[in-house]
Structures are given as structure tokens and as C-alpha cells.
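Trainee: fold the stuff below for me.
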Amino acid sequence: MTHATYKTPSAELAKNPLISFGRGIAHYREINPAHIKPAIEFLLENAQLAVDHAVDPSAPAHWNDLAEPLEDATEALGRSWGVISHLNSVADSPELRSAYGEMLPKVTAFFSSLGQNLALYDKFKKLGQSDEFKHLSAAQKKVIENSLRDFRLGGAELSDELKPRFAQIQDEQANLGKAFSDHVLDATDGFVHLVTDEAQLVGLPEDVKAAAADTAQQKNLQGWAFTLHFPSYYPVMQYCENRDLRRLMYEAYVTRASELAPQYSQGKLDWDNTQNMLEQLRLRHEEANMLGFDNFAALSLAPKMANDVQEVDFFLTDFAHKAKPFAQRDWDELCQFAKTTLGLEDGVEPWDNAFVAERLKQERYSFSENELKQYFPLPKVLDGLFGVIQTLFSVRIEAADLPSWHDDVQSFSVKDLDGNIRAYFYLDPYARPGKRGGAWMDDARGRRELPNGEIQIPVAYLVCNFAPPVKVNGVLRPPTITHDDVITLFHESGHGLHHLLTQVSALGVSGINGVEWDAVELPSQFMENFCWEWEVLEKMTAHVDTGKPLPQELFNKILAAKNFQNGLMTLRQIVMSLTDWRLHSSFNAEKAQGSAVLEVSREIAADFNVVPQPAISRWINTFSHIFAGGYAAGYYSYKWAEVLSADAYSAFEEAAKLTGSVLDADTGKRYRREILEVGGSRPAAESFKAFRGREPSVDALLRHGGLAG
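Mentor: Here you go, the predicted structure:
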């Protein structure tokens, strides 16, 4: 075995927190923007030395001489860059954003160059054709097979004349994706609406008003301040009787990062993402053509489960046709109720949808989301979530004391039943300025076998944007979350379990790494199902004032309401998926100008949706999943994976018929073994069949969603 010669950091650089944490846990609060450039430049240099060693003709094409040292050096770079990227998402500041943006092109260029390195590609081909390959583990073989595929997709077979342009495309896409995300965050952070007359807030729950008063106080304002962060924005849409206020908030929200923002939300024109989207689509199409694909959608399918562009298009359009009659029924009911009961004679406007739906739900099922929310204090929900995980997967979750980036952040260890630590994870639960919206799980450190034979245990970030705790009548109440928030928490924990419980030791396919993109949502959507089980909710609820668990009568109501408006919600998701798919499969970005991307979204909505799209809506300008979040030509995977997850969960429903509990440890053990532990070390279709014993079926999803028959 030969070894590359790496540089050692200077005494000063060795103190840099982006270097000094090594294989451990970063000390996030010690990191400042000035640390970023010297640390990343040093790590880039060592990573390049590893590449130079790997391609040296004298270095043998063996796993221990090629794959392992290369993984070692690039992982060190990736871990530190991951810390910076994470802080950029959860603790944004102008200084951090600038330092991150300065190094982004260099990091992007390095990883792009790996995919185009023909000498490195040749070494991996030799390893793949060697006698040694036959004796490698299944996970190691999969790493090599994936690497060879990624070399081809990374431009390794391009001519020398084309490679510089290909690298430039990657760099430009990275910068555009960052700019898109920055614009959405800035447009969201940049809007504040102050209400000084409490009479305008009729209908809003007390905790929502308390949060708005707290926001105003933080901004040195008098009254109630509302922002476009979801925990502030959505309760206004859902509960506020003031139609003018709902309209104002709605128009500000749907015009973020667009050319209309200055008119509707005091935004800035330089936050407009219209041209950004066109440029990204052009670059993606050019990249696909360079690699021999007709379009970016076809390129995106190379590492996915789906076979071709037509299969995905048919899947989505067929699902749309199945969902549309149910969506039409939902919409008709909404409009009729608004007219006859709420007196909206002029019809349901977009800023009325959530309000009318909430009133209809209350009348039909005799409960409100706010009433239900009081039974879900976050600490109790976490106890319930951890109980489900511990019962199903034979682990223990305990509080840990890891260094974090904010006082709100909690950390936990995952232990086996013998008390050995198997993994760690962070939970960052609350919305705040400088933190991007939404919820996600990210990889802080992956599981792998180190060169010295030790196992590096995985670490994950779980990030949500729940409403933070507030004082009501001078008393700080425990934070309560909605049932939708509970579902979100379970969803992200499913991603976390996929990363944390892996038993694969080859980093490239351990945990979520190497899992086909259209299957990666299986474990997350699978976990959502437990949020509808009485035996789970009974143990994870306690009224914030009385401490009493959720009454069975109220549970029966929310279960009856489970599929309320689900036709509309399903069709909305499919319309978003089709918009993404058509933009990347049949849209001619080269000839398009101006609002062409918006027009595609409108055409698809007109063909498939049942709710009229308002003229001012620019929702596509904040579609971060596909323009900043890695889901380009992949948003369909949520629905694709939902078929898999619903079918997987039906195995627990079948077990419950025999055992009386969906928390069946034997089925959980099999699910853990065949789905969670194998990560990306084998094709997702094989993992599903190993667990379920057959090909997936859409029947369970249609049944769960009330779309059967």
C-alpha cells in the first residue's frame, strides 16, 4: 500500500476550528467568516494532492491505494465545507454569506474536476476490471460502479476542448443556485407588516398574537408584527377574519423574489429570480446535451429508479387524472361552503382558501387546528417520536452535549441496547431571522471504516422551522406545534434514521449516500404514517395547560379529517412535479425569454389543476427545491417514493392484524435490516423487494389518501 504525502497545517492554521475538529464534531460558535478561506484553501490543496497521488502511474489501482485515500482527503474537505454550508443555512449573516460565496466557485471547481479527470477514471476502470474487484464487499463494489457512472456523468469522457466549458457550467450553476436561495431568504426576511389595532386580528389564536407582539418588540416596534416566515404567515391565512390583512399577506408571499415584489411586499428588484431560472435551465440543458442526453430530465434519471422520461411523465399525468375528480369535489365543497355559510358571494379568492378550509373543517369535524395544537408541546412530541424509534428499531435515544450553533439547538446520541453509541444528531427546531425556511435533514458526518480499522459513527442535522416558545400573559409557555408540524418532524426523522442506522462502512453508499434520488424519500414518508395511529398519539400528547392526553374523541375527528382536501393537496403536488418535469424535459430554454418559466407553470396548472391560478402569483420564483435544493427534474420523487413508503407501511398494518400493534418489533427489525441498514449499497428496488417480498403497488397509497374507488 502506498501513501500520498499531505501537507500539515501551520501552528496557526491548526487552531482554525474548521481544521482542528478533524474527524470529530465542529465547534460551531468558534467559527467566524475569517476562518473559511484559509481552511478551505488548505483542505483543497490536500485533496488535490490525494488526486495527484491516485493518478500517478506508479500508484496501483487497488481499493486501499485508490478509493480509500481519495475518500479520506475529499471527505475532510467535504465535512468542513458542509459545516460552512450548514451555517450559511441556519445562521446567515452578510459576512458569512460573502466568505461562503468567495470559496464556493473553488470548491465546485474541484469536485467538478474529479468527474472530468480521465486518468482517475482509467484507474477506477482498472479497479473495476481487476481480480481484486471480485473479492470486494458488495458496498465497495457499489462504490466503484457508482463512481464509474458518475465519471461518465461528470464529463470524464468529454474531449479536452469541451471540458473547460463543462466545468464552467458547474460553477455557474452553483452560483445561480446560491443566488436563488439568497433571494428567497432576503425577500422573506425583508418583509414586515405592523398592525397597531388589535381589532384587525380577530380570529387569530392568542399564541400567534403573542408571537407577533414579541416580533414587534424585537424590532423596536409597537403593536403586532407579521413576517413571511411560515409560522407567522400561515396562521394569518388560516384564522384571521380580516380579509384585507389576509390579502396583503398573501400578495406579499406569492410575489417574493419576483418582479412584482416591490409593488406587493416592499421588496427589491435585485431579488428577482425570473432571469436566474432561465439561466439555470439553459445551463442544465447544455450540460445534458454535452453528455449525450436529449434533455436534463433524461440525464437526471441516470442514477434514479425510473427508467425513462416517458415513464415519469406517464406516472405523473396518470396520477393527476386519478386525483382530479377528488380535487374537483374538494374545490366545489369549498366554494359552496364559502358562499352559503361564510357569505363570500364574490367567490373564493386565493387569500381565502386556507381560511375557508379551516372553517369548513371546524364545522364538519368540530375541531380547529389551534385546538389540536395545544395537545402537542414539542418536548412531549419528541418523547413520543423517540419512543416509536426505540420500540421499532431497538435503540435508545439520549440527550447529548455536543457543541452547537444556537441556544435553541438540542443534540442527542443514538445507542444500541448494550449502551454503545451508534450515532449522534442535532435538532434545530425553531424559525428565526437568518435561517432559511422549510425543514430538512443533512449529513454532518457519514459512517465509514477508517484506515486504522475504527468505525466513524454518523452525525445528522435535523432542521425545522416551528414557531418558537412565547410568553402569554407574561408566562413562557412550552412551544406547541401543529399536527402538520408533527408530521414534518417524523418525516425528517425518517431521513435521519436512514443516515444514522446504516451498517454500511463504505462512505459512498452508507446511509443516504448513493440511494437513488427517487427512492430517498421512502424512509421519511414512511415515518409520517405513525402520526395517524392512536397508540402513538395517545403517548405523545399532553395539553399544554392541563397535561391531559389527546382525547380519543378528538383523535377520531382528526382521523376522519385526515384526507380532508387531500384531492386538492395531491393535485397541487403533482402540478408542481409536472412543472419541474416539463421544464427539464420539453421546455426550450434556449429560445425562451422573460416570463417563459412562469408561463409553463400556468399552462400546466390550466391543464391539470382545478383551482384558478391568480395573475399575481409567482410561486415558481421561490421553488427552491428545483432551483436551489437539488431536486431539479426530481420533484416527482416525492410522489414516486410515496408509493413505496405507503406500501412498506402496509406491512406494519398487516402485522397489526396479528399482534394488535403497528409498532411491531419484528417487522421493524426486518425494515431496519432491509431498508435502513443497507443504505445505498444495493439498488432501492432490491431493498424494497427484500423487505416486502414483491414489487411495489400503488394500492396502499390510494387507500391511505382516500383516492381509491
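Trainee: look at L476 and report its pLDDT.
Mentor: Here the pLDDT value assigned to L476 is 86.
Trainee: quick one: the nearest residue to G446 once chain neighbours are set aside and F627, what's the gap?
Mentor: Leaving out its chain neighbours, the residue that sits closest to G446 by C-beta to C-beta, 6 or more residues apart in numbering is L507, at 4.9 Å. All C-beta spots, glycine's among them, are computed from the backbone N, C-alpha and C. When distance is defined by C-beta to C-beta, to the nearest Å, L507 is 28 Å away from F627.
Trainee: quick revisit: let me know whether the residue nearest to G446 touches N513 as I believe.
Mentor: Yes. Applying C-beta atoms under 8 Å as the test, L507 and N513 come out as touching, 6.6 Å apart.
Trainee: name the helix or strand for S505, please.
Mentor: Per DSSP states H and E, S505 falls between elements, in no helix or strand.
Trainee: cool, and R396?
Mentor: strand 395-399.
Trainee: give me the contact list for that strand.
Mentor: Applying C-beta atoms under 8 Å, 6 or more residues apart in numbering, the set of residues contacting strand 395-399 from outside is 386, 389-390, 410-417, 419, 422, 501.
Trainee: what residues of stretch 146-155 count as buried?
Mentor: Neighbour counts over stretch 146-155 (16 or more other C-beta atoms under 10 Å) mark 146-148, 150-155 as buried.
Trainee: next one: stretch 462-477
Mentor: 462-467, 469-470, 477.
Trainee: okay, those residues in a markdown table with distance to L299 and secondary structure next?
Mentor: Shown next, in a markdown table, are the buried residues of stretch 462-477 (distance: C-beta to C-beta, whole Å; DSSP: H, G, I helix; E, B strand; the rest coil):
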| residue | distance to L299 | secondary structure |
| --- | --- | --- |
| L462 | 31 | strand |
| V463 | 29 | strand |
| C464 | 32 | strand |
| N465 | 32 | strand |
| F466 | 37 | strand |
| A467 | 40 | coil |
| P469 | 46 | coil |
| V470 | 47 | coil |
| R477 | 50 | coil |
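Trainee: for stretch 695-708, list every residue counted as buried.
Mentor: 696, 698, 700-702, 704-705, 707.
Trainee: so F337 versus E30, what's the distance?
Mentor: With C-beta to C-beta as the criterion, F337 and E30 are 56 Å apart.
Trainee: what about the helix or strand harbouring N146, average pLDDT?
Mentor: Using DSSP H and E, N146 falls within helix 138-153. What helix 138-153 shows for mean pLDDT is 95.
Trainee: again, but for stretch 202-212
Mentor: If you average the pLDDT values across stretch 202-212, you get 95.
Trainee: quick one: the helices in the stretch 101-250 of the chain, in order.
Mentor: 118-128, 131-135, 138-153, 163-189, 206-218, 230-239, 243-254 (DSSP state H, counting those that start in this stretch).
Trainee: ignore the last one, the stretch 251-400 of the chain
Mentor: Ranges of helices within the stretch 251-400 of the chain are 261-265, 274-290, 296-300, 309-340, 353-365, 369-373, 378-393, based on DSSP H, counting those that start in this stretch.
Trainee: then the stretch 501-650 of the chain?
Mentor: Secondary structure of the stretch 501-650 of the chain by DSSP H, counting those that start in this stretch: the helices cover 522-528, 534-537, 552-560, 566-585, 596-608, 624-627, 637-659.
Trainee: and among those helices, the most buried is which?
Mentor: Ranked by mean neighbour count, the helices of the stretch 501-650 of the chain are led by helix 522-528 with a mean of 25 (mean count of other C-beta atoms under 10 Å).
Trainee: could I have that helix exported to PDB, CA atoms only?
Mentor: Extracted in PDB, the C-alpha atoms of helix 522-528 (Å, rounded to 0.1, in the frame of the first residue of the first chain):
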ATOM      1  CA  LEU A 522     -39.200   6.300   1.200                       C
ATOM      2  CA  PRO A 523     -37.900   6.200   4.900                       C
ATOM      3  CA  SER A 524     -39.100   9.800   5.500                       C
ATOM      4  CA  GLN A 525     -42.600   9.400   4.200                       C
ATOM      5  CA  PHE A 526     -42.800   6.000   5.800                       C
ATOM      6  CA  MET A 527     -42.500   7.600   9.300                       C
ATOM      7  CA  GLU A 528     -45.300  10.000   8.600                       C
END
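Trainee: just checking, what packs against that helix?
Mentor: Helix 522-528 sits against helix 483-500, helix 637-659, with contacts defined as 3 or more C-beta pairs under 8 Å, 6 or more residues apart in numbering; DSSP states H and E.
Trainee: out of those, which comes closest to N289?
Mentor: N289 lies closest, by C-beta to C-beta, to one member of those: helix 637-659, at 23.4 Å.
Trainee: how does this structure divide up, domain by domain?
Mentor: Domains of the chain are assigned by automatic domain parsing as 11-157, 190-271, 274-367+565-635, 378-518.
Trainee: mind putting those domains in JSON lines, distance to P549 included?
Mentor: Converted to JSON lines, the domains of the chain look like this (distance: least, C-beta to C-beta, whole Å):
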{"stretch": "domain 11-157", "distance to P549": "33"}
{"stretch": "domain 190-271", "distance to P549": "20"}
{"stretch": "domain 274-367+565-635", "distance to P549": "15"}
{"stretch": "domain 378-518", "distance to P549": "9"}
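Trainee: can you name the element that comes right after the strand holding R396?
Mentor: Strand 395-399 is succeeded, C-terminally, by strand 410-416 (DSSP H and E).
Trainee: so for whatever helix or strand comes next after that next one, what's the average pLDDT?
Mentor: Per DSSP H and E, strand 410-416 leads on to strand 421-430 as the next helix or strand towards the C-terminus. For strand 421-430, the mean per-residue pLDDT is 98.
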